[in-house]
Structure formats: C-alpha cells, structure tokens
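Student: this one's structure only:
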Ligand SMILES: Cc1cc2nc3c(=O)[nH]c(=O)nc-3n(C[C@H](O)[C@H](O)[C@H](O)COP(=O)(O)OP(=O)(O)OC[C@H]3O[C@@H](n4cnc5c(N)ncnc54)[C@H](O)[C@@H]3O)c2cc1C
C-alpha cells in the first residue's frame with residue numbers, strides 16, 4: 001500500500017484480514033503481508049497528531065507492517081523499489097498517494113490550487129470566470145475562515161447543493177446562497193480494529209473502536225445513499241438549506257444578506273432550525289458531548305447537526 005492518507009490507511013486495515021480469509025483455504029494465510037509505505041516520518045501525516053495513536057495501535061493489532069520515510073522509486077511486476085534501493089516483493093500494489101482534481105479544470109482560465117481545484121468565491125463562482133460554477137472535488141472553496149474544503153463527500157455534497165442552486169438562481173435572477181458546510185468531522189474505518197471518529201480541523205478523537213465502527217457502518221451502508229426513487233425527497237435534500245438544518249428560505253436569505261457578493265464568510269453561522277438528520281446520529285453527538293457553534297445573529301445556541309453521510 002503506497003501512501004498512508006485516509007484511503008491507504010482504510011485499505012491497509014481492511015485488506016490483511018480479507019486476504020488472509022481468501023488465502024486460508026489454500027493453507028497460505030500466514031504468507032499474507034500487508035506493507036504500508038509512507039514517505040513522511042509519521043503515519044497519516046495529513047491527518048495530524050489527533051487520531052494517530054488510535055491508528056497506530058490499530059495497524060499494530062491488525063499486523064499491518066508500516067515503513068516510514070519510504071519513497072517509492074519504481075513498481076515492477078513483482079517488486080516495489082524504494083529510493084534507498086530497498087526492494088519489497090509484492091504481488092499487488094495499491095497506489096493511494098494523492099488525489100487531483102479532474103484535468104478538465106485546466107480548460108478554465110482561472111487560478112487553481114496545488115490539487116488542481118478552481119478558486120471560487122463564497123457563491124462557488126469561479127474567480128474571474130463568473131459564468132462558471134465549480135463544485136465537488138474541483139472546487140477550492142472556503143469551508144470556514146482559514147480552511148479550504150477537503151476532497152470528500154462531506155464537502156462535495158453541500159458544494160453541489162449550493163453550486164446547483166446558485167447556477168439556477170443566476171439564470172433566474174433569484175437570490176444566491178453562501179456556501180456554508182457543516183462543522184468538519186472525519187470517520188475512518190480501521191477494518192477489524194473498528195474505526196476512529198474525529199471532530200474539528202484538529203481532528204480530536206471523539207469515538208474509537210466499536211462505537212466509531214457503528215457510526216461508520218451507518219454512514220457507508222445507510223446514510224450515504226440519496227433517495228433516488230423518491231423525487232420529492234431528493235429535491236428536498238438537494239436544497240442548500242437542507243444542509244443548514246432546514247430549508248427555511250428566510251433563514252438562508254438572512255445569511256446571504258449578511259454577506260456581500262464575492263465575500264467569503266467570516267464566521268461559521270448556522271441556521272436556527274433543527275437539522276433533519278436521523279435522531280440516532282443526533283443522540284450520538286449529544287452523548288459524546290459535541291458542542292456545536294452558535295450564531296449570535298440568530299439568538300440562542302442551536303445544536304448544529306452534522307450531515308449523516310459526512311465524514312471524510
Ligand atoms: C478510494 C476513495 C475513498 C474515498 N472515501 C471517502 C470517504 O470515506 N468519505 C468521504 O467523504 N469521501 C471519500 N472519498 C472522496 C469522495 O469520493 C469524493 O470527494 C467525491 O466523490 C467527490 O465528488 P464529485 O462529484 O466531485 O466527483 P466524483 O465522485 O469523482 O464524480 C465525478 C463524475 O464525473 C464523471 N466524469 C469524469 N469526467 C467526465 C467527463 N468528461 N464527462 C462526463 N462525466 C465525467 C466521473 O465518471 C464521475 O462519475 C473517497 C475517494 C476515494 C478515491
């Protein structure tokens with residue numbers, strides 16, 4: 001496994017047990033090795049220190065070998081060669097070292113970040129090309145002050161809600177919505193060692209092990225799927241207001257009115273309506289004491305619920 005970002009870590013944690021199960025009937029379970037190569041000197045360098053102890057313990061428990069400070073120079077049919085000359089025999093190599101925005105973004109005459117994503121304003125219009133909107137993995141939008149969105153479903157989905165709405169509003173001369181995603185959280189699967197759920201950009205561990213695994217299972221097996229056979233519900237969930245805890249237009253308009261065109265918003269500000277997320281997830285956040293931001297303009301603090309499918 002090359003790269004210990006989210007994808008490499010999740011795959012490494014999952015693969016060893018799966019490969020052992022496949023090899024066992026052939027008496028070859030003990031021949032299975034999963035080796036995780038990371039160029040940095042720490043596991044999951046992009047994730048920060050918060051979840052690292054949980055991840056390291058999980059990899060250890062699962063028997064995943066980690067090689068840090070390892071830069072891959074070449075991959076051949078049966079070997080991975082590192083820049084220091086080390087050769088690691090490999091029947092399968094999984095490359096998870098980095099994501100990029102689709103190269104179609106290069107056709108738009110605008111600034112792009114190091115991931116190839118287009119710079120956009122608070123309404124998701126491409127900077128300098130206002131007739132083009134960007135969303136999902138192609139948009140380098142501001143998630144909150146000083147933080148740019150991640151290439152993740154958690155951000156891709158609300159980006160698409162807002163960009164779709166704003167493109168239509170643009171054509172119709174209707175009010176646009178300012179992009180304002182839910183507070184950042186992550187939930188990483190760790191195979192047989194459970195999962196780890198973090199909150200905030202520092203990725204503070206809020207749940208680990210079996211509890212986090214239950215949450216991850218709900219995300220990947222239930223909540224992530226849009227109601228494709230229920231058109232009215234699909235449209236309801238496509239509304240940008242749905243992300244902000246309800247589709248109350250007045251709420252959204254007040255938010256928009258508080259910010260001038262092209263201005264990136266200066267503080268997280270959540271609508272007062274309760275979110276329509278599943279009550280089980282809401283209970284879960286309450287149980288772990290997740291405190292959610294308040295918006296002074298809207299009066300008393302509200303429990304800002306995180307989108308159920310969120311999580312990376
Ligand atoms: C292995 C992996 C695991 C991940 N796990 C998670 C996770 O657990 N949680 C999470 O939040 N995020 C996860 N992500 C990230 C998440 O999948 C992306 O952020 C999200 O899918 C981005 O959505 P998108 O619509 O922008 O792009 P995509 O989902 O990539 O959709 C783009 C679509 O456009 C199509 N397309 C491309 N070129 C053209 C063209 N020229 N014409 C027409 N169609 C075209 C593609 O086929 C594709 O269907 C993961 C990503 C990967 C690769």
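Tutor: Perfect, I can see it now. Note that this is a predicted model, so its numbers are computed, not measured. Residues are numbered from 1 along each chain as shown.
Student: Who are the contact partners of residue 11?
Tutor: 1, 94, 96 (Cβ atoms under 8 Å, 6 or more residues apart in numbering). The way it works is simple: take the backbone N, C-alpha and C, and place the C-beta from them, glycine included.
Student: distance between the helix or strand harbouring residue 88 and the chain's centre?
Tutor: Using DSSP states H and E, residue 88 falls within strand 87-89. On the basis of Cα atoms, centre = their mean, to the nearest Å, strand 87-89 sits 32 Å off its chain's mean C-alpha point.
Student: could you point out which element follows the helix or strand encompassing residue 236?
Tutor: Secondary-structure assignment from DSSP H and E places residue 236 in helix 231-238. Using DSSP H and E, the helix or strand that follows helix 231-238 in sequence is helix 240-243.
Student: What's the mean pLDDT across that next one?
Tutor: Averaged across helix 240-243, the pLDDT comes to 72.
Student: again, but for stretch 70-86
Tutor: In this model, stretch 70-86 carries a mean pLDDT of 97.
Student: first to last residue in that stretch, what's the distance?
Tutor: 9 Å (Cα to Cα, to the nearest Å).
Student: before we move on, what about stretch 195-214?
Tutor: Taking Cα to Cα, stretch 195-214 runs 8 Å from one end to the other.
Student: quick one, what contacts residue 181?
Tutor: Applying Cβ under 8 Å, 6+ apart, the residues contacting residue 181 are 143, 144, 149, 154, 155, 158, 159, 243.
Student: rewinding a little: as TSV, the contacts of residue 11 with distance to the ligand and secondary structure would be great.
Tutor: Listed next are those as TSV, based on distance: Cβ to the nearest ligand atom, whole Å; DSSP: H, G, I helix; E, B strand; the rest coil:
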residue	distance to the ligand	secondary structure
1	12	coil
94	10	coil
96	7	coil
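Student: can you pick the most crowded of the residues you listed?
Tutor: residue 1 (27 neighbours; other Cβ atoms under 10 Å).
Student: Just to check, that residue is in contact with residue 12?
Tutor: Yes. Using Cβ atoms under 8 Å, residue 1 is in contact with residue 12, at 4.6 Å.
Student: can you list residues touching both of those two?
Tutor: With Cβ under 8 Å, 6+ apart as the test, residue 1 and residue 12 both reach 34, 36.
Student: Confirm that residue 188 sits in a strand.
Tutor: Yes. Counting by DSSP: H, G, I helix; E, B strand; the rest coil, residue 188 is part of a strand.
Student: Distance-wise, check it relative to the ligand.
Tutor: Residue 188 sits 8 Å away from the ligand, taking Cβ to the nearest ligand atom, to the nearest Å as the criterion.
Student: residue contacts, that residue?
Tutor: By Cβ under 8 Å, 6+ apart, the contact list for residue 188 reads 6, 9, 10, 51, 55, 195, 196, 197, 216, 312.
Student: Just give me the closest of those residues to residue 169.
Tutor: Within the contacts of residue 188, the smallest distance to residue 169 is 28.7 Å, found for residue 312 (Cβ to Cβ).
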